[in-house]
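Novice: Give me a model of this one.
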Amino acid sequence: MGDESGKAQAVDIAGSLLIYVVGWIMGFLEAGWGEEGAESADAF
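Specialist: As a prediction, this is how the structure comes out:
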């Protein structure tokens, strides 16, 4: 029984972390898509 709640908590944490990371990346891309973003795009 404790195993099930542990799994649910892990999934909840992973989901929150994923949303946080995606939001951070989106914000970083929007903020850095000026001169620095253009240079990064050229590098790839």
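Novice: pLDDT weak spots in the chain?
Specialist: Applying pLDDT under 70 to the chain flags residues 1-2, 33-44.
Novice: What is the neighbour count of Gly6?
Specialist: Residues within reach of Gly6, counting by other C-beta atoms under 10 Å, total 10. All C-beta atoms are positioned from the backbone trio N, CA, C, and that covers glycine.
Novice: again, but for Glu30
Specialist: Neighbours of Glu30 (other C-beta under 10 Å): 10.
Novice: And for Gly32?
Specialist: Gly32 has 13 neighbours, counted by other C-beta under 10 Å.
Novice: same thing with Ser5?
Specialist: 9.
Novice: How about the one 10 residues further on?
Specialist: Counted with other C-beta under 10 Å, residues neighbouring Gly15 total 10.
Novice: Could you check which helix or strand contains it?
Specialist: helix 2-31 (DSSP states H and E).
Novice: Who are the packing partners of that helix?
Specialist: Packing contacts for helix 2-31, counted by 3 or more C-beta pairs under 8 Å, 6 or more residues apart in numbering; DSSP states H and E, involve no helix or strand.
Novice: Tell me the buried residues in that helix?
Specialist: By 16 or more other C-beta atoms under 10 Å, helix 2-31 has no buried positions at all.
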